[in-house]
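Peer 1: Just a sequence and a predicted model for now, questions to come.
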Amino acid sequence: MKASVIIPSYRRFQPLINTVRAVQKQEYPEFEIIVVDQNPVWAESYQTDLAEIRKDPRVLWLTQEKPEVVTARNTAVKYTTGDILIFIDDDVEIPERDFIARHIANFSDPSIHVVIGRECRLEALPDPTANTQADSEKLESLKQLSPLRQALWFDRNSEIRTSICTFSTCNGSIRKETFLAVNGFDENFRGNSYGDDYDLILRLHQQGYHSVYDPNTWLIHLKVPMGGLRMSDPKNQVSYSRTSTGFWLFLLRHSTPDMFGHLLYNHVLRKTILMKSNLQRPWRQVTVIPGVIAGLIQAWMLLKKGPQSCLNSTKGH
């Protein structure tokens, strides 16, 4: 099976170069790298590195003028030739050269459609001697919960392989045919919005697709504070109407009565009105609050249309 590694990037210059180089060192025999570059300008100091990377025939370097990470991922899929799509962030380290091979190995089981990899921190790397009993007990409790709670609450640094309803675009893979069956990510999640990966796995779960977490497909997520979707980065412009639309859409599409309050507080208000930087500068609320209300109205309208994607110009399933 051929693998297509997809890396969207925005304002993470050296981290992106380091990430691509780590993927280039992979020993899997058949893979390609699709980079979606949303940076308007690269400094002259990076040009030599960029030219060297682009010489690699396995690398396809796309540019997207308007930063939209969800659209970037769907667009990348249109150019892939692989059977398995591997999504990673642009600020990761991949210490082992069989990372791709470990992802692909899971798909030898035809019942597996989605794989969630392990996201480690520098201070918490995999420990083969770790006692996993407590981890196992927590996992068994979690698996008794609803798919929504599994998606939101699963610890993607667990030591234990398991079937679970969750996904992450930091380190996750999916059969291309499975991804296309639901027209990929919903591009109604716009701007600095989060939740498109959880939305995808919940829609797949509703259609009976099977996902597993494999701790052996691990990488280190550096969580670079600049660029990406970081709302805390002052150079990342935030439109609260556009950003909150995705937050509201996730709540309206997937909320259950017992989870409504949790989603309202944690996935809407804490990322907008109650965000620390906005509470410290209360004058911002003059634009934040109207934006959040506008996002709710927009989400109500989009909910009726269903998921939107460049992979299907009308609507998803």
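Peer 2: Received it, and whenever you're ready, just let me know what you need. Numbers count the residues shown, from 1 in each chain.
Peer 1: what about residue 162, neighbour count?
Peer 2: Residue 162: 17 surrounding residues under other CB atoms under 10 Å. Just so you know, the C-beta spots here come from the backbone N, C-alpha and C atoms, and that holds for glycine as well.
Peer 1: ugh, wrong one, residue 178
Peer 2: Residue 178 is flanked by 18 other residues according to other CB under 10 Å.
Peer 1: That one is in what secondary structure piece?
Peer 2: Counting by DSSP states H and E, the element that carries residue 178 is helix 176-181.
Peer 1: tell me what that helix is packed against?
Peer 2: For helix 176-181, the packing partners by 3 or more CB pairs under 8 Å, 6 or more residues apart in numbering; DSSP states H and E come out as helix 69-78, strand 84-88.
Peer 1: Output it as CSV, nothing but the C-alphas.
Peer 2: Output for helix 176-181, consisting of C-alpha atoms alone and laid out as CSV, is shown next (Å, rounded to 0.1, in the frame of the first residue of the first chain):
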residue,chain,number,x,y,z
LYS,A,176,-8.4,7.1,1.2
GLU,A,177,-11.6,5.4,0.1
THR,A,178,-13.0,5.7,3.6
PHE,A,179,-12.1,9.4,3.7
LEU,A,180,-13.8,10.1,0.4
ALA,A,181,-16.9,8.1,1.4
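Peer 1: can you give me the helices for the stretch 51-200 of the chain?
Peer 2: Assigned by DSSP state H, counting those that start in this stretch, the helices in the stretch 51-200 of the chain fall at 69-78, 99-106, 133-142, 147-153, 176-181, 196-206.
Peer 1: Sorry, wrong one. I was asking about the stretch 201-317 of the chain.
Peer 2: Remark: helices assigned in the stretch 201-317 of the chain by DSSP H, counting those that start in this stretch are 240-254, 260-267, 276-280, 285-305.
Peer 1: Which positions in the last one come out as buried?
Peer 2: Buried positions in helix 285-305, judged by neighbour count with 16 or more other CB atoms under 10 Å: 285, 288, 291-292, 294-296, 298-299, 302.
Peer 1: Same check on the shortest one?
Peer 2: Along helix 276-280, these residues count as buried under the neighbour rule (16+ other CB under 10 Å): residue 278.
Peer 1: Return the distance of it from the chain's centre.
Peer 2: 26 Å (CA atoms, centre = their mean, to the nearest Å).
Peer 1: one step back: just the helices and strands packed on helix 176-181: most buried one?
Peer 2: Per-stretch averages of neighbours, counted by mean count of other CB atoms under 10 Å, single out strand 84-88 among these, with a mean of 25.
Peer 1: which residues are contacting that strand?
Peer 2: Identification of contacts with strand 84-88 by CB atoms under 8 Å, 6 or more residues apart in numbering yields 1-7, 19, 23, 73, 77, 94, 100, 103-104, 107, 169-176, 179, 219.
Peer 1: again, but for stretch 294-303
Peer 2: By CB under 8 Å, 6+ apart, the residues outside stretch 294-303 that reach it are 188, 240-249, 251-253, 308.
Peer 1: Buried ones among those residues?
Peer 2: Buried members of the contacts of stretch 294-303, counted by 16+ other CB under 10 Å: 188, 240-249, 251, 253, 308.
Peer 1: The strand of greatest length in the chain versus helix 133-142: what angle between them?
Peer 2: For the chain, the strand that runs over the most residues, judged by DSSP state E, is strand 211-221. In this structure, strand 211-221 runs at an angle of 130 degrees to helix 133-142, with axes from the mean of the first three to the mean of the last three CA atoms, to 10 degrees as the basis.
Peer 1: Identify the spatial nearest neighbour of the residue most central in space within the chain, chain neighbours not counted.
Peer 2: Note on the chain: the residue nearest the mean C-alpha position is residue 169, at 2.5 Å, using CA atoms, centre = their mean. Of all residues not flanking residue 169 in the chain, residue 87 sits nearest, at 4.3 Å (CB to CB, 6 or more residues apart in numbering).
Peer 1: The one you found and residue 70: what is the separation?
Peer 2: Between residue 87 and residue 70 the distance, using CB to CB, to the nearest Å, works out to 11 Å.
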